[in-house]
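Peer 1: Sequence unavailable; structure follows:
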């Protein structure tokens, strides 16, 4: 099981803070494809400037997601 | 009467915090000459890097001192 | 001493400065940056702010920038606190305290830390205005 | 509000920050510089410091640099406090607080103010060491 978290404006646009996917050994790019099949439009939202973190580190689309990993997808940060 | 104040290390080297001089309409350069006659060595101390203020503003040696003026002579500042 | 914190509650500058001071008698300069909630931003009147954060990652990132600052600059100690949740106008948002032997290093590190915090720490600000709520999403 | 002060007593950062905040709700960044007494300077162990000042002129010069900063930088308010007399190791010496809409202006003004204070305000520091007392007289 892989947990996909959304934050802030992206969380509101996606309409949920977390989606659990029963997948493993897929790239982040493939994971986004799977998300988009379940919730059409997510891919576009992500491509319009989101950051993707894998286990709390900023990740590349080619990085591979394994069971129990945590993926976080969020808009540009605006703290401080 | 003109009041001449000394501060910090210069005050300690001169040995007093204030000298009153019954003078008027002399330049600061002349005033230093008068001080040096009364307390030999003051001129040298002043020339080795002191700042001279006339009525609380940094002054030039050619500025003229009048009755009731306050002259202050001090080493480089070191606050903060 | 917890050197980085994310909390709902307000913080005390005085206490954080005392903590920094107690770490070393070599400290000659302490520079602090305190971010506060303004009532106006880009032509809009703000009623309040709401901050959301990605808890685990935000704390890790704060630790990371603190450690980078300690490596990069000749400084002695760094404390960072960021508030989360609802924040009223005039209230404190973020505090960065840097203690160093000399002031120039403290200023450089503090400037670098707040710039870096705004770039890499997963915290988001929502402005609540009379016309609605807006997530601030421009790049730093 | 007294914007510049020279006093024997210690001061409270918290109170000064509250004063700055109360002047405007437009303040988004407050940068402070706090100078403290180090126990070590240029190879000598310091026991305590003694500050002397030329009262009338020092206050005038503090007001002058504050006003120059308010003209030169896009900032909202400035407070400056310098202590005088005996100051023990670890104690506060000087506090500069700058409130601005944006942090960059607050950082620039605060850096400029402490540099300027060290150049033009007639205050002198004496270091009391085990070997004797030394007036610090090097140029800034």
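Peer 2: Received it, and whenever you're ready, just let me know what you need. Every value quoted in this text rests on a predicted model; they were computed, and no experiment measured them.
Peer 1: count of residues packed around residue A:67?
Peer 2: Residues within reach of residue A:67, counting by other Cβ atoms under 10 Å in any protein chain shown, total 10. In short, each C-beta sits where N, CA and C put it, glycine included.
Peer 1: Show me the residue sitting in the middle of chain A in space.
Peer 2: residue A:73 (4.0 Å; Cα atoms, centre = their mean).
Peer 1: Give me the nearest residue to residue A:50, chain neighbours excluded.
Peer 2: residue A:73 (5.2 Å; Cβ to Cβ, 6 or more residues apart in numbering or on different chains).
Peer 1: How much space separates that neighbour from residue C:6?
Peer 2: Residue A:73 is 20 Å from residue C:6, where distance means Cβ to Cβ, to the nearest Å.
Peer 1: same deal with residue C:12?
Peer 2: As for residue C:12, its distance to residue C:6 is 16 Å (criterion: Cβ to Cβ).
Peer 1: out of these two, which sits in the more crowded spot?
Peer 2: residue C:6 (19 against 14).
Peer 1: List the residues that contact residue C:108.
Peer 2: residue C:73 (Cβ atoms under 8 Å, 6 or more residues apart in numbering or on different chains).
Peer 1: Would you mark the buried spots in the helix or strand containing it?
Peer 2: Element membership of residue C:108 [criterion: DSSP states H and E] is helix C:103-120. For helix C:103-120, a neighbour-count test (16 or more other Cβ atoms under 10 Å in any protein chain shown) marks C:103-114, C:116-118, C:120 as buried.
Peer 1: And the furthest pair within these?
Peer 2: Farthest apart among the buried residues of helix C:103-120 by Cβ to Cβ are C:103 and C:120. That separation is 25.9 Å.
Peer 1: Going by neighbour count, which residues in stretch C:12-29 are buried?
Peer 2: C:13, C:16-17, C:19-21, C:27-29.
Peer 1: From chain D, how far out is the closest residue to residue C:6 other than its chain neighbours?
Peer 2: In this structure, residue C:6 finds its nearest non-sequential neighbour in residue C:82, 5.1 Å apart by Cβ to Cβ, 6+ apart. Counting by Cβ to the nearest Cβ, to the nearest Å, the gap between residue C:82 and chain D amounts to 14 Å.
Peer 1: which residues does residue C:82 contact?
Peer 2: If you count contacts by Cβ under 8 Å, 6+ apart, then residue C:82 has A:79-80, C:5-6, C:51, C:53, C:58, C:62, C:93-94, C:117, C:121, C:123 around it.
Peer 1: Check what pLDDT residue C:140 gets.
Peer 2: On pLDDT, residue C:140 comes in at 45.
Peer 1: how close does residue C:68 sit to chain D?
Peer 2: As judged by Cβ to the nearest Cβ, residue C:68 and chain D stand 19 Å apart.
Peer 1: likewise residue A:59?
Peer 2: Taking Cβ to the nearest Cβ as the measure, residue A:59 falls 30 Å from chain D.
Peer 1: Which stretches in chain A count as helices?
Peer 2: A:8-14, A:28-38, A:42-47 (DSSP state H).
Peer 1: In JSON lines, list those along with mean pLDDT, distance to chain C and mean neighbour count.
Peer 2: Formatted as JSON lines, the helices of chain A follow (pLDDT from 0 to 100; distance: least, Cβ to the nearest Cβ, whole Å; neighbours: other Cβ atoms under 10 Å in any protein chain shown):
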{"stretch": "helix A:8-14", "mean pLDDT": "95", "distance to chain C": "4", "mean neighbour count": "20"}
{"stretch": "helix A:28-38", "mean pLDDT": "96", "distance to chain C": "16", "mean neighbour count": "16"}
{"stretch": "helix A:42-47", "mean pLDDT": "94", "distance to chain C": "12", "mean neighbour count": "16"}
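Peer 1: Out of those helices, which gets nearest to residue B:36?
Peer 2: Of all the helices of chain A, helix A:8-14 sits nearest to residue B:36, with 74.3 Å by Cβ to Cβ.
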